[in-house]
Structure formats: C-alpha cells, structure tokens
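A.B. asks: what follows is a protein structure lacking sequence information:
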C-alpha cells in the first residue's frame, strides 16, 4: 500500500506509524506539509519520504491530517492523488466527509478521530465509513492490530458528542484555570488536585488546536450559562442544580 499523509504533524505521524506497523502488507509512506521542513523531519523519523505539496504523483491512499479549518480545502486539492481511498483525521466529520464525497465519489472514504494525543496511543478511534471497501478494511485491521479500538458511528452522532467531550469539557477546565489561585499542595482536595491535573493536560498542547475545536463545536456558552446559574443560585436552587448535575 502506497500512502500519502498530508500534514506531517503529531496525528499524521501517528497514522503513518500505526498503519505501517499494524499492517500485514508492506506500507510505503510519503509525507507532505505546508512547511517542507516538517515533512522532511517526519520522513526522517519514520523512514519515509517527503514530497512536494504540488506533486502530481498518485497514491493508493491519501490521508489528510490537517487542522479543522483547512481540511475541506486540502481534501479538494489532494482528492485527485487518491487512487483507492481517502482518509481524514480532522476530528470534525460533517464537513470533511461532504468534501470527500464531492471530490472522491468513486473511492473508499473514511473519517477518523483518534480520541487521544499520539503519545497516549493506543485508544479509541472513532470512524465514520462513508464508503467502505477492502482498503478501509485494511486500515481498520492495521489500527486495531496496534491496540486501538475502532468505534464506528455516523457524522451527526460524533459531532454532537464533541460538543460535550471537547468544547464543553475544555471550557470548564480552562475556566477553572483562569480563576484558580496557586494553592499549597497540602491544601488540595482530591477534586481540586484532579482539576489542576486536567488543567495541566489541556494546557500542555497547541492552543491553536483548542481554538479550532471551540470555533467548530458549540458547548462553551452552555458551560458559561450553567456557571452563572450556579453563581446566582440561592440555597434551595443550588441544591436542585446539584441534584440535576448528579443525574
């Protein structure tokens, strides 16, 4: 299998490595990136090769591993380079799938969202198979062989879930970080210590990725509204909100 990975960052490298290491067949990887140095570094790290973003070379599989705002345009640009299948890793399903459907109507199409940072692999990989076939089957087999769990769903279910598990969750953690004082370790409770751990986990990554998530999925305003309800609640109202949250 000859694979082009467009976007040689963390998740593009993860996909290339997992696909090659988990496959029974030989997998040859090429990287391209808007920054040629990033593509060269990925190629060197994974014993692959780097190609120019304007290449006219074709590949069995093209995997688009770019930020959410760029995904649809990149899919349109590289669709003609895919002979058998196209994959995206944007983490937002509806738009990229529509773009793949428009530009690769005769190819296998699958949108994947690894629900973890590459350093924490393996884990759950959410998959929306828009058009299946042997190539998608081979990708699934390779990723599961590397210990990942393939969670198949539809685009609407995934995108709705991301409003809670990403946009709302990140908002709650970041809001805590913005108001939290530096408290001595001896004063931490299990809850506060857990929140500080979550804050460190969230803020230890690229803020541009989190900004893309917040711009794509709703959820932040709902957290703000809930916090305001709690802040303004009298005792009885607070107890009712507490019970509501526990449910």
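C.D. replies: Thanks, I have it. Keep in mind it's a predicted model, so treat the numbers as computed, not measured.
A.B. asks: could you use CA atoms for every contact and neighbour count after this?
C.D. replies: OK.
A.B. asks: wait, doesn't residue 76 sit right on residue 103?
C.D. replies: Yes - the pair residue 76 and residue 103 passes the contact test of Cα atoms under 8 Å, sitting 6.1 Å apart.
A.B. asks: tell me where this structure has strands.
C.D. replies: 2-6, 28-32, 49-50, 59-64, 82-88, 108-114, 124-131, 149-152 (DSSP state E).
A.B. asks: as JSON lines, these with mean pLDDT, distance to residue 210 and mean neighbour count would be great.
C.D. replies: As requested, these are exported to JSON lines (pLDDT from 0 to 100; distance: least, Cα to Cα, whole Å; neighbours: other Cα atoms under 10 Å):
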{"stretch": "strand 2-6", "mean pLDDT": "98", "distance to residue 210": "20", "mean neighbour count": "24"}
{"stretch": "strand 28-32", "mean pLDDT": "98", "distance to residue 210": "23", "mean neighbour count": "24"}
{"stretch": "strand 49-50", "mean pLDDT": "97", "distance to residue 210": "28", "mean neighbour count": "20"}
{"stretch": "strand 59-64", "mean pLDDT": "98", "distance to residue 210": "19", "mean neighbour count": "24"}
{"stretch": "strand 82-88", "mean pLDDT": "97", "distance to residue 210": "18", "mean neighbour count": "24"}
{"stretch": "strand 108-114", "mean pLDDT": "97", "distance to residue 210": "15", "mean neighbour count": "23"}
{"stretch": "strand 124-131", "mean pLDDT": "97", "distance to residue 210": "19", "mean neighbour count": "20"}
{"stretch": "strand 149-152", "mean pLDDT": "98", "distance to residue 210": "23", "mean neighbour count": "15"}
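A.B. asks: would you reformat those strands as TSV and include distance to residue 213?
C.D. replies: Compiled in TSV, these are given as follows (distance: least, Cα to Cα, whole Å):
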stretch	distance to residue 213
strand 2-6	20
strand 28-32	24
strand 49-50	29
strand 59-64	17
strand 82-88	16
strand 108-114	13
strand 124-131	16
strand 149-152	20
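A.B. asks: so for residue 42, which of the ones you listed sits nearest?
C.D. replies: Set against residue 42 and scored by Cα to Cα, these come closest in strand 28-32, at 7.1 Å.
A.B. asks: my guess is residue 71 contacts residue 64, does it?
C.D. replies: Yes - look at residue 71 against residue 64 with Cα under 8 Å: they come within range, at 7.1 Å.
A.B. asks: so what's in contact with the two at the same time?
C.D. replies: The contact sets of residue 71 and residue 64 overlap at 88, 90 (Cα atoms under 8 Å, 6 or more residues apart in numbering).
A.B. asks: to residue 188, which of the strands of the chain lies closest?
C.D. replies: Evaluated over the strands of the chain, closeness to residue 188 peaks at strand 124-131, with 31.6 Å, by Cα to Cα.
A.B. asks: other SSEs contacting the closest one?
C.D. replies: Other elements packing on strand 124-131 under the criterion 3 or more Cα pairs under 8 Å, 6 or more residues apart in numbering; DSSP states H and E are strand 108-114, strand 149-152.
A.B. asks: need those in TSV with distance to residue 13, can you?
C.D. replies: What follows is the helices and strands packed on strand 124-131, written out as TSV (distance: least, Cα to Cα, whole Å):
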stretch	distance to residue 13
strand 108-114	13
strand 149-152	18
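A.B. asks: out of the ones you listed, which is closest to residue 15?
C.D. replies: Across the helices and strands packed on strand 124-131, closest to residue 15 is strand 108-114 (Cα to Cα), at 9.3 Å.
A.B. asks: just want the most central residue of this protein.
C.D. replies: residue 91 (3.8 Å; Cα atoms, centre = their mean).
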